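A.B. asks: quick one: sequence plus predicted model below, questions after.
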Amino acid sequence: AGGGDDTEGGTAGPGDAGGGPVLEATGADPREFILGDGSVLPCIDAAVREMKRGEQARITASADWAYSAPGVPPPPAAGSSAGVVVLLELVDFVRGKDLWEMSVAEKARSQLRRKVLGNAAFARGQYERAVRLYEASNSRAPTEEDFDKEQAAKAA
């Protein structure tokens, strides 16, 4: 997926999870998500960043890379170190715009999205992730120069 933000599609199938759950989704209904939004397992997010369209991967992840996404069941037993195995296929992706390609409105939406994700991470007690997301949010804030360029383009 590389440098873009927006990535969609993936299928997970059965595997040997070594005591942890086996995550399964049907290939006919791939899951869409945006890289870094916290809606999928951290191991899936990291793997998809390195995958090419149509590539398949078997991911064996430890508990710390497997149980922090919303809707993922907790480890089988308290204190368990059981991980997960995910079979993944990158069906397709849409490369997000680079910051310099964005309009003022797009930068503001991107900034707000990261702030909201930071707030969610903070609420889950993921303070380091929250700080990274807040920093990313601040780096996307439209500048005075952005507003000036957009006004000049409209006037021309």
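C.D. replies: Thanks, I have the structure now. Numbers count the residues shown, from 1 in each chain.
A.B. asks: L117 belongs to a helix?
C.D. replies: Yes. According to DSSP: H, G, I helix; E, B strand; the rest coil, the state of L117 is that of a helix.
A.B. asks: could you find the closest non-adjacent residue to it?
C.D. replies: L133 (4.9 Å; CB to CB, 6 or more residues apart in numbering). C-beta coordinates here come from the backbone N, C-alpha and C atoms, glycine included.
A.B. asks: is it true that the one you found touches A121?
C.D. replies: Yes. At 6.0 Å, L133 and A121 qualify as touching, with contact defined as CB atoms under 8 Å.
A.B. asks: more crowded one of these two?
C.D. replies: L133 (24 against 20; other CB atoms under 10 Å).
A.B. asks: quick check: the more buried one vs M102, distance?
C.D. replies: Here L133 is placed at a distance of 18 Å from M102 (CB to CB, to the nearest Å).
A.B. asks: go on, R109?
C.D. replies: If you go by CB to CB, the gap between R109 and M102 works out to 9 Å.
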